[in-house]
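Visitor: What would the 3D arrangement of this be:
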Amino acid sequence: MNNSRIDFLREAAPYIHKHRGKIFVIAFAGEVIENEKFSQLIKDIAILSALGTQIVLVHGARPQVDRHLQALDHDIQVVDDMRVTDSVTLQTAKEAIGALRVEIENQLSHALSMPPVVNESLGVLSGNFITAQPLGIHNGTDFQHTGTVRKINAKLIKQLTAAGSIVLLSSLGFSPSGEAFNLRYEDVASFAAKSLQADKLIFIHADAATPTLDIDLQQLDSFIEANPEQSRLLNHIKAAMNDGVERVHLVSTETKDGLLLEIYTRDGIGTMFNASQYENIRQAKIEDVSGIIDVIEPLELKGALIKRSREQLELEIDKFSVIERDGKIIACAALYLIANTNMGELACLAVHPDYKGGERGDRLLKRISQEAMNRKLSQLLVLTTQSIDWFKERGFEPGEVEDLPDQKKALYNFQRKSKILLKELLIKT
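Guide: Purely as a prediction, here's the structure:
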């Protein structure tokens with residue numbers, strides 16, 4: 001038996017476990033669909049799904065639409081990398097995208113029913129998951145039926161992928177009044193990844209492979225300059241990361257088994273762009289107060305957090321930890337010591353609405369727990385009204401008012417009715 005296969009299995013095993021149940025958004029351009037290696041890519045996607053990864057596919061159709069328009073001898077107008085979609089172009093896009101959707105569904109259905117995948121619970125579903133709005137007029141150009149993504153039915157997509165289905169999204173969207181809009185598949189993929197809080201966004205392209213590298217957001221501009229042939233897609237990746245997508249992978253169809261090697265090996269085979277290296281978690285400073293207010297204010301207005309004044313935050317800033325992203329505070333949490341007890345209170349855990357993905361709440365919880373253990377505390381207390389399940393999933397147990405230290409019991413707000421949650425901490429001796 002070939003030992004290299006055994007070595008690959010050993011290397012892949014932890015990644016198979018890690019990615020099970022995670023959402024991957026995999027996007028590919030129309031050029032990829034026409035590539036001779038597309039059928040193998042579809043088979044690899046079927047394997048990913050069979051191994052428990054939740055898959056959302058997004059496909060483009062630019063060359064197919066262009067070819068239809070050329071056959072009609074109709075002008076193709078692209079301004080600033082955006083197609084101007086008149087009525088003829090919109091009808092052509094509907095026809096081309098509809099045909100591609102059927103072809104992709106057919107190939108996927110076949111791949112999901114063939115060895116080594118065979119699993120009757122797996123299927124591929126497409127539909128009207130995207131709400132769009134008109135792009136409008138920019139710099140004097142009326143883009144007509146070209147649109148932008150307004151909303152994606154993330155709840156329904158998550159239900160379908162959790163049930164084992166692959167969801168297929170096309171580059172068409174519809175307004176609430178039923179008007180159709182032509183969309184860029186890259187924008188659909190980025191919006192879907194952010195809305196679904198996907199673990200990975202993967203772009204498959206048909207050009208020469210980019211280097212096997214890990215690139216953070218600070219290095220991306222230089223990487224774009226060094227790879228001008230990929231500048232269009234790389235700029236979309238940059239926009240996606242600026243919009244909150246944490247990890248983006250770029251894999252070429254020219255790399256044999258590229259998708260599986262990128263996902264299931266330690267070093268990968270494509271280029272990975274990681275936004276998390278562009279942010280850090282640290283002790284808060286007095287200069288962070290305004291940023292902390294920006295993060296917690298929406299939750300205060302919703303009643304999820306108790307209102308804190310600027311003066312109070314300034315006095316208690318030494319109790320706060322923050323996550324900073326490119327100079328912006330995007331998350332915070334505080335540890336309050338409870339006098340004459342071995343208990344600390346985790347309070348004011350909040351993440352900016354634009355950055356809900358990326359496990360930032362978990363990172364702050366881990367930091368606060370470690371700080372509490374460093375202070376020889378054996379219990380962590382949380383009072384919450386709206387995040388009960390989140391804390392329970394992370395080891396907190398329900399408590400009663402009687403479980404609170406006397407000073408906390410005296411201050412408990414019976415009108416607010418916060419749930420009392422406690423977690424035992426393991427102190428290393």
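
Visitor: Sketch out the helices for the stretch 201-350 of the chain, chain order is fine.
Guide: Assigned by DSSP state H, counting those that start in this stretch, the helices in the stretch 201-350 of the chain fall at 220-226, 231-242, 258-264, 289-302, 310-315.

Visitor: which stretch among those comes nearest residue 35?
Guide: Distance to residue 35, taken as CB to CB, is lowest for helix 258-264 among these, at 12.0 Å. Where C-beta positions appear, they are placed from N, C-alpha and C, glycine not excepted.

Visitor: In PDB, list the C-alpha atoms belonging to the closest one.
Guide: Taking C-alpha atoms only, helix 258-264 is exported to PDB below (Å, rounded to 0.1, in the frame of the first residue of the first chain):
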ATOM      1  CA  GLY A 258      -6.400  21.800  -5.300                       C
ATOM      2  CA  LEU A 259      -9.600  22.200  -3.300                       C
ATOM      3  CA  LEU A 260      -9.100  19.100  -1.100                       C
ATOM      4  CA  LEU A 261      -5.400  19.800  -0.600                       C
ATOM      5  CA  GLU A 262      -6.100  23.400   0.400                       C
ATOM      6  CA  ILE A 263      -8.800  22.300   3.000                       C
ATOM      7  CA  TYR A 264      -7.300  19.100   4.400                       C
END
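
Visitor: helix or strand for residue 370, which one?
Guide: In this assignment (DSSP states H and E), residue 370 forms part of helix 360-374.

Visitor: pLDDT on that helix, on average?
Guide: Across helix 360-374, pLDDT averages out at 91.

Visitor: now stretch 219-229: how far from the chain's centre is it?
Guide: In this view, stretch 219-229 has its centroid 23 Å away from the chain centroid, taken as CA atoms, centre = their mean, to the nearest Å.

Visitor: actually stretch 220-237, sorry about that
Guide: The chain centroid and the centroid of stretch 220-237 are separated by 21 Å under CA atoms, centre = their mean.

Visitor: which residues touch it?
Guide: With CB atoms under 8 Å, 6 or more residues apart in numbering as the test, stretch 220-237 has contacts from 29, 81, 184, 186-187, 190, 203, 205, 207-208, 210, 213, 215, 238, 241, 248, 250, 271, 273.

Visitor: Quick one: buried ones out of the residues you listed?
Guide: Among these, the ones that count as buried by 16 or more other CB atoms under 10 Å are 29, 184, 186-187, 190, 203, 205, 207, 210, 215, 238, 241, 248, 250, 271, 273.

Visitor: Confidence-wise, which of those comes last?
Guide: The pLDDT minimum for the buried ones among the contacts of stretch 220-237 sits at residue 210, where the score is 71.

Visitor: Spit out the contact partners of that one.
Guide: Contacts of residue 210 were listed using CB under 8 Å, 6+ apart, and they are 227, 230, 250, 252, 270-271.

Visitor: what's the answer for residue 256, then?
Guide: Not one residue lies near residue 256 by CB under 8 Å, 6+ apart.

Visitor: repeat for residue 252
Guide: By CB under 8 Å, 6+ apart, residue 252 lies in contact with 204-210, 258, 270.

Visitor: Would you mind giving me the confidence score for it?
Guide: So, for residue 252, pLDDT stands at 89.

Visitor: Any idea what it is bridged to?
Guide: Applying DSSP bridges to residue 252 yields these beta-bridge partners: residue 205.

Visitor: got any ranges where the stretch 51-200 of the chain has weak pLDDT?
Guide: For the stretch 51-200 of the chain, residues meeting the criterion pLDDT under 70 lie at 116-122.

Visitor: Residue 225: how many residues sit nearby?
Guide: Residues near residue 225, counting by other CB atoms under 10 Å, number 10.

Visitor: hmm, back to that, need the least confident one among the helices of the stretch 201-350 of the chain, by mean pLDDT.
Guide: Of all those, the minimum mean pLDDT falls on helix 231-242 (a mean of 84).

Visitor: tell me the contacts of the nearest residue to residue 341 once chain neighbours are set aside?
Guide: Once flanking residues are discounted, residue 341 sits nearest to residue 405: 4.8 Å by CB to CB, 6 or more residues apart in numbering. Going by CB under 8 Å, 6+ apart, residue 405 touches 338, 340-341, 343.

Visitor: swap in residue 139?
Guide: Going by CB under 8 Å, 6+ apart, residue 139 touches residue 80.

Visitor: at 10 Å instead, please
Guide: Taking CB atoms under 10 Å, 6 or more residues apart in numbering as the criterion, residue 139 is in contact with 79-80.

Visitor: Look up phi and psi at it.
Guide: Here is the backbone geometry of residue 139 (degrees, to the nearest 10): phi 50, psi 40.

Visitor: Stretch 254-268: end-to-end distance?
Guide: Start and end residues of stretch 254-268 are separated by 15 Å (CA to CA, to the nearest Å).

Visitor: Would you mind giving the domain segments of the chain?
Guide: 3-274, 280-424 (automatic domain parsing).

Visitor: which of those sits most buried?
Guide: Highest mean neighbour count of the domains of the chain: domain 3-274, a mean of 18 (counted as mean count of other CB atoms under 10 Å).

Visitor: From what I see, residue 90 and residue 183 are in contact.
Guide: No - Residue 90 is not in contact with residue 183 according to CB atoms under 10 Å; the separation is 11.3 Å.

Visitor: Return every residue with contacts to both of those two.
Guide: With CB under 10 Å, 6+ apart as the test, residue 90 and residue 183 both reach 146, 172.

Visitor: Enumerate every residue touching the nearest residue to residue 240 once chain neighbours are set aside.
Guide: Using CB to CB, 6+ apart and skipping the chain neighbours, the partner closest in space to residue 240 is residue 190 (3.7 Å). Residue 190 is in contact with 25, 27, 58, 149, 184, 198, 201, 203, 236-237, 239-245, 248, counting by CB under 10 Å, 6+ apart.

Visitor: gap between residue 74 and residue 141?
Guide: From residue 74 over to residue 141 the distance is 18 Å, taken as CB to CB, to the nearest Å.

Visitor: swap in residue 348?
Guide: Distance, residue 348 to residue 141, by CB to CB: 47 Å.

Visitor: do the same with residue 175
Guide: 20 Å.

Visitor: The one helix or strand residue 15 maps to packs against which elements?
Guide: In the assignment (DSSP H and E), residue 15 maps to helix 3-19. Helices and strands touching helix 3-19, by 3 or more CB pairs under 10 Å, 6 or more residues apart in numbering; DSSP states H and E, are helix 258-264.

Visitor: No more questions from me, cheers.
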